[in-house]
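In: Any chance you could fold what I've pasted below:
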Amino acid sequence: ALPDDLEKRVGTTLGRIGSMLFTRGVSGSRVVPRGVDKEVCGHAFRGFGSSTDDYPVPYLTAACAIGMEEGEVDTFVKRLDRVMKDFNKSL
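Out: Down below sits the predicted model:
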């Protein structure tokens, strides 16, 4: 496991992927970093935004809908590929 401060920096850096996708017209996706804890109305949530308290790695989710066409999936994949290339260059 990474120290908490490094975990947060990694999460912030990976969060840029979501904003890069959004600026390229991709909605319905988000990056879920590790180690995010939140308190809402006095209730603590470990792994906030994830489907489990302690998922071992950050991940990207992408939403789709019934009726989505193959060309829309292709467009998403092309944009994601471009974002990942741009992101890797920025590291």
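In: Do a quick rundown of the strands in the chain.
Out: Taking DSSP state E, the strands of the chain run over residues 29-32, 38-40, 43-45, 59-62.
In: Show me which of those has the highest average neighbour count.
Out: Burial of those is given as mean neighbour count (mean count of other Cβ atoms under 10 Å); strand 29-32 ranks first at a mean of 19. Quick note: C-beta positions are derived from backbone N, CA and C, even for glycine.
In: Give the rounded mean pLDDT of that strand.
Out: For strand 29-32, mean pLDDT is 89.
In: Name the residues that touch that strand?
Out: 14-15, 17-18, 21-22, 49-50, 55, 58-63, 80 (Cβ atoms under 8 Å, 6 or more residues apart in numbering).
In: rerun at 6 Å
Out: Here strand 29-32 makes contact (Cβ atoms under 6 Å, 6 or more residues apart in numbering) with L14, G15, I17, G18, L21, G49, S50, Y59, L60, T61, A62.
In: Then stretch 56-73?
Out: L14, G28, S29, R30, V31, V32, P33, R34.
In: ditto for stretch 34-49
Out: E7, V32, D53, D54, P58.
In: Let's see that with 10 Å instead.
Out: 1-4, 6-8, 10-11, 14, 30-33, 50, 52-59, 61 (Cβ atoms under 10 Å, 6 or more residues apart in numbering).
In: Would you convert the strands of the chain into JSON lines that also reports distance to D86?
Out: Converted to JSON lines, those look like this (distance: least, Cβ to Cβ, whole Å):
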{"stretch": "strand 29-32", "distance to D86": "15"}
{"stretch": "strand 38-40", "distance to D86": "29"}
{"stretch": "strand 43-45", "distance to D86": "32"}
{"stretch": "strand 59-62", "distance to D86": "15"}
